[in-house]
Each structure stands twice: as structure tokens, then as C-alpha cells.
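In: No sequence on hand, only this structure:
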Ligand SMILES: Cc1cc2nc3c(=O)[nH]c(=O)nc-3n(C[C@H](O)[C@H](O)[C@H](O)COP(=O)(O)OP(=O)(O)OC[C@H]3O[C@@H](n4cnc5c(N)ncnc54)[C@H](O)[C@@H]3O)c2cc1C
């Protein structure tokens, strides 16, 4: 990042005022960049710093999953010769959900406080409340945490809208926070649900279904498609569904939840094929809706898509000069890492710093199930759809010596490369901690390394990453044959 042309220490200079709506990854990362580029920055946030990412979505779900992961590892213990007691069976381990959720919420609050502290140390003003655009250069604060801020007018040279999204709900399955739940309400549970029905088999549904199954709950996953995780790598999704079923989860495919109602002792979920599934609780995980309503966006001339997302280009500009948008409210790719990148790019562009447009082809993402599914670069579907020529190989982890030692059976490494140039186009890793193992492939995709480059690099023996190098060697041999 280049140094700012002017700084706030220049007394003759009135710094650019940037007003950021939303203190999630899209907003707070942008605020830090804007500040480092010499702007005066105000963040308006209605919930808490870190946004939904820190308070209800990424941080809580991954903290819960960390406990679930321990349970999954513990299940492998007997095979590795570990005995808890003479007659220990895996279900002898039990989870105190009250303690788990207390830890989850404390960790989220602490992370939020860390982010607030960081912004304050950088001299960024934080206003608690909801922001609404009164014009293309003016924000009004409503529902303020401090009565002194109510109705406050913030004149801005640049506005960044990073207001995120909220769980989508069904009118026939209205969440009550007790038995019919959205993912943001799951952390209020003090006892493990006896039988959790999860509606929606996208990333959020699959992560919660997998975690609660590992924690010891009976889980029914309702999927409207042929398989779980539609849109993800088919082999990875199939493998995960097989693991889910083998762990005792019921997966109901090609059926939708039409309604969910409270019963005397739980919930009844009516499916589109007429079946009724009874459970103690139901989690509705059917995606999110962007927080763009009632904020004066359209009145200010900001174009929204049919789904209510803010239209942006690759440098996060909206249809209105001086108004930028980042993160889930844009619908570009609902990941915290992408939100943060969009926010940084917006500020670099707005404040005249060097800026590279957003490149989605190099985004790495991870699904935190057991095993995890990590992907980067082009997916096989994308390569097929755009008619690209590619070669691919899939090597199972079961052959990997380290995997054998660790008792890992399920998983694979898949690579895609250009058939002549050998450039790595993308990859999929399905493994415990795949989110860590994807990084060498991310480096290869980002820097256009070839399978020869990857194959020629040392890996630790024995290590799971040995399978990544082996996959690169298999593809390299095919490139050399041509
Ligand atoms: C269960 C779950 C798990 C996830 N796990 C991961 C993961 O592991 N990794 C990953 O990369 N992504 C994950 N995501 C996606 C990730 O949470 C989002 O992509 C990320 O939160 C987007 O950041 P954001 O800044 O756009 O929005 P948010 O994090 O939603 O922050 C927006 C903030 O703006 C506030 N706000 C809204 N309107 C206003 C207003 N008018 N004025 C002031 N403030 C306002 C909101 O209250 C919120 O605090 C997960 C999502 C879910 C649902």
C-alpha cells in the first residue's frame, strides 16, 4: 500500500471523511485501511463490532465446531489403542452444551471487544446505532445506543455500505428462539437437542448438522436437492453425505420443508412430499437476505438487484459516485475474507491508493464439517461450463501414511491443471483440517505455479500434504507425455 498523499497531521488539510455503515469484516477492515490512508473515519454499527461474522456467524459456529471436532477425534481413539475406562464406548463422552455455548459466546464477545479496541486505538470513531443514507453524502444515525447520537447527521465524502445479511426465514416456520431456530439462536440452547431437524443442506446446514451429530444429537438433515452441498465439488459432497449417513445422521433428499410448528414436546416439520418429521428442535438454514431495506439506498440512486443486493463492480463502486459497498449486502460471495477484501479495495479506490480489482478465481473457502472440504480456484463445474481444457486427478487420503497413522480414512486431494502449460487451475482437499492443507494449492493458483513446481517442492514425510505433491506428480507426468 502506498503512503497517503496527505495526512491528518497536516493542519491546513481537512481530511476526507469516510462513513462506514456496518462493523463486520467488510466494514472494519475498510475502516482501518481508510484510516491508514489519512482519512477521518466513522463506523456506524447497530449490533457490535465484528458484525454478524464475529457475533453470530463465523466465530460462534467455528468455536462450536472446535468442540465437535474433539468429539470426532475421540471416536478414533479406541482404534489408536486409547481406552478411557475398561468398558468405554464413544458415547461415554458427553457434551455439556451450556458450558460449550457459554464459551462460544464469551469468545465472540472478546473478539468483538478486541476489534473495537483496535479501531479506537487507530482513532476511528464508533457510533452505536443504525445508519441510513439521507443523500449520497449524508448519513443519519437512528436507534442510537447513546441518546446523544440519536438523529446525528454525518456528512461524508465517501460512504461504504457493509451492512451484511440476516437469516432468511419462512413465513410457515417462524423462529421462536426456543424450538424453531435460526443459526443466530442456536447458542441460547443449554441442553443438547434430543433430535435436531436441520432444514437446508447448504454450507450452514451441513456444518450445523455435522457438528450436532458429532456432539451426540440425533440429526435429520432435509435437503431439497439430490445431494447435500449443492454447488460444491460433487465428489466431496458425495463423500460427506456418505460420512454423515455412516455416523447415523438421517439425510432426506429431494424434499423441501414446507412448514414447522410447535408441538407439545417439540416440533413437527411438514415436508413437500407430505411426510411429517418430528423433532425436539428445528434449525432453519435456508440462506440469508441482504440488510438493504429501509436504508435510503434506492432513494439515493443506489441500484439493487432483484434479490435486494447492492450492485457493485470489481472495485466495490455502486451506481452512485462516492458510495461503495462490500460484503454480504453485495451478494458477490458470502465469505468474511471476500467481504474484507471488497472493503479494503473500496477504500484504496476511494482514497486514490493503488488498487487491484477483486479476483474471485483465487478465493479459497472451507466447509467446516468432519472431514472439512476446502476448495480454491476453478471448480470442475466451472471448467466444464466454460469449455476449458483441463486435466485432473483425485488421490484418496487412505493411501497416505500419515493418514493411516492418524486413523483417517475419508478424504482426498483433487487437482486441476492446464493440459499443456501444467498451470494449476484449482484444487479440492477433503480431510480433517483441510482448511489448513489447501494453502499450498492456493499459493500455486494465486501465483500461476505449474504442477511441476508443486511436485518439485519438498513435503514433510510423513504428512497429509505428501498427497498434494503426489497428485501434482501424477498430473506433471501427463503434461510431459504430451
Ligand atoms: C453460520 C455461518 C457461518 C459462517 N462461517 C464462515 C466461515 O467460516 N468463513 C467465512 O469466510 N465466512 C463464513 N460465513 C460468512 C460470513 O459470516 C459473512 O460472509 C460475513 O459476515 C460478511 O461480512 P459483512 O461485513 O458483509 O457483514 P456482517 O458480518 O453481517 O456485518 C454487518 C454488520 O452491519 C450491521 N448493520 C446492518 N445494517 C446496519 C445499519 N443500517 N447501520 C449500522 N449497522 C448495520 C449488522 O448488524 C452487522 O453487525 C458464515 C456465515 C454463516 C451464516
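Out: Here it is on my side, so go on. Only a predicted model underlies this, so the values are computations on that prediction, with no experimental measurement involved. Numbers count the residues shown, from 1 in each chain.
In: Now do the SS call for residue 54.
Out: Under DSSP: H, G, I helix; E, B strand; the rest coil, the three-state class of residue 54 is helix.
In: Tell me which residues touch it, please.
Out: 24, 48, 108, 111-112, 115 (Cβ atoms under 8 Å, 6 or more residues apart in numbering). Glycine gets a C-beta too; all of them are placed from N, C-alpha and C.
In: before we move on, what about residue 14?
Out: So residue 14 contacts nothing (Cβ under 8 Å, 6+ apart).
In: For the stretch 101-250 of the chain, list the residues in contact with the ligand, please.
Out: 130-131, 162-165, 183, 204 (Cβ under 6 Å from any ligand atom).
In: My error: substitute the stretch 301-450 of the chain in the last question.
Out: Residues of the stretch 301-450 of the chain lying near the ligand (Cβ under 6 Å from any ligand atom): 327-328, 334-337, 339, 368.
In: farthest pair in these?
Out: Among these, the pair separated by the greatest distance (Cβ to Cβ) is 327 and 368, at 19.8 Å.
In: And the two? Which one has more around it.
Out: Neighbour tally, residue 327 and residue 368, criterion other Cβ atoms under 10 Å: the higher count belongs to residue 327, 38 against 23.
In: Residue 213 contacts residue 250, correct?
Out: No. In this structure, residue 213 is not within contact of residue 250 by Cβ atoms under 8 Å, at 9.9 Å.
In: Chain neighbours aside, what residue packs nearest to the residue of the stretch 151-300 of the chain at minimum distance from the ligand?
Out: At 2.1 Å from the ligand, residue 164 is the closest residue in the stretch 151-300 of the chain, using Cβ to the nearest ligand atom. In this structure, residue 164 finds its nearest non-sequential neighbour in residue 328, 4.6 Å apart by Cβ to Cβ, 6 or more residues apart in numbering.
In: thinking again about what came up before, from the residues of the stretch 301-450 of the chain next to the ligand, which single one is nearest the ligand?
Out: Checking these against the ligand with Cβ to the nearest ligand atom, the nearest one is residue 327 at 2.0 Å.
In: List the residues that contact the closest one.
Out: So residue 327 contacts 22, 24-27, 162-164, 338-339, 342-343 (Cβ under 8 Å, 6+ apart).
In: let's go with 10 Å and repeat that
Out: Shown in contact with residue 327 (Cβ atoms under 10 Å, 6 or more residues apart in numbering): 22, 24-27, 29-30, 51-53, 160-165, 290-291, 310, 312, 316, 333-336, 338-343.
In: Cross the residues you listed against strands and list the overlap.
Out: Applying DSSP state E to the contacts of residue 327, the entries found in strands are 160-161, 165, 290.
In: For those residues, work out which two are farthest apart.
Out: 160 and 165 (16.1 Å).
In: of the two, who's got more company?
Out: residue 160 (30 against 22).
In: thought that one was touching residue 34?
Out: Yes. Counting by Cβ atoms under 10 Å, residue 34 is a contact partner of residue 160 at 8.0 Å.
In: intersection of neighbour lists for these two?
Out: Taking Cβ under 10 Å, 6+ apart as the criterion, residue 160 and residue 34 both touch 18-20, 41, 43, 343, 346-347, 350.
In: buried sites along stretch 207-225?
Out: 207-224 (16 or more other Cβ atoms under 10 Å).
In: helices or strands up against the longest helix along the chain?
Out: Counting by DSSP state H, the longest helix found in the chain is helix 97-121. Judged by 3 or more Cβ pairs under 10 Å, 6 or more residues apart in numbering; DSSP states H and E, helix 97-121 is in contact with helix 25-36, strand 40-45, helix 51-55, helix 58-76, strand 125-128, helix 203-215.
In: now the angle between helix 97-121 and the fourth one, please.
Out: Angle between the axes of helix 58-76 and helix 97-121 is 140 degrees (criterion: axes from the mean of the first three to the mean of the last three Cα atoms, to 10 degrees).
In: Helix 58-76 and the ligand in contact?
Out: Yes. If you take Cβ under 6 Å from any ligand atom as the test, helix 58-76 does meet the ligand, through 58, 61-62.
In: would you turn the residues you listed into JSON lines with neighbour count and pLDDT?
Out: Putting the residues of helix 58-76 next to the ligand into JSON lines (neighbours: other Cβ atoms under 10 Å; pLDDT from 0 to 100) gives the following:
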{"residue": "58", "neighbour count": "21", "pLDDT": "98"}
{"residue": "61", "neighbour count": "21", "pLDDT": "98"}
{"residue": "62", "neighbour count": "17", "pLDDT": "98"}
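In: got CSV for these, with distance to residue 458 too?
Out: Shown next, in CSV, are those (distance: Cβ to Cβ, whole Å):
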residue, distance to residue 458
58, 33
61, 35
62, 31
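In: what residues are up against the spatially most central residue of the chain?
Out: With distances taken as Cα atoms, centre = their mean, residue 335 lies nearest the centre of the chain, 4.3 Å away. With contact set as Cβ under 10 Å, 6+ apart, residue 335 has these partners: 25, 53, 58, 203, 327-328, 341, 363-366.
In: quick one: it and residue 358, what's the gap?
Out: To residue 358, residue 335 is 12 Å away according to Cβ to Cβ, to the nearest Å.
In: Shouldn't the residue nearest to residue 164 be within a helix?
Out: Yes. With three-state DSSP as the criterion, residue 328 is assigned to a helix.
In: Would you check that it makes contact with residue 53?
Out: Yes. Assessed by Cβ under 10 Å, residue 328 is found in contact with residue 53 at 8.9 Å.
In: where do the contact lists of the two overlap?
Out: 24-26, 164, 335-336, 339.
In: Make JSON lines from those residues and add pLDDT to it.
Out: Shown next, in JSON lines, are these (pLDDT from 0 to 100):
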{"residue": "24", "pLDDT": "98"}
{"residue": "25", "pLDDT": "98"}
{"residue": "26", "pLDDT": "98"}
{"residue": "164", "pLDDT": "98"}
{"residue": "335", "pLDDT": "98"}
{"residue": "336", "pLDDT": "98"}
{"residue": "339", "pLDDT": "98"}
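In: want to try CSV for those residues, with distance to residue 424 as columns?
Out: Compiled in CSV, the shared contacts of residue 328 and residue 53 are given as follows (distance: Cβ to Cβ, whole Å):
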residue, distance to residue 424
24, 32
25, 27
26, 29
164, 33
335, 21
336, 25
339, 26
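In: Which member of those residues is positioned nearest residue 295?
Out: Nearest to residue 295 among the shared contacts of residue 328 and residue 53: residue 164, at 12.0 Å, using Cβ to Cβ.
In: The longest strand along the chain pairs with which strands, parallel or anti?
Out: In the chain, taking DSSP E as the definition, the longest strand is strand 424-431. As defined by DSSP bridges, the strand partners of strand 424-431 come to strand 372-377 (antiparallel), strand 412-417 (antiparallel).
In: Good, we can wrap up now.
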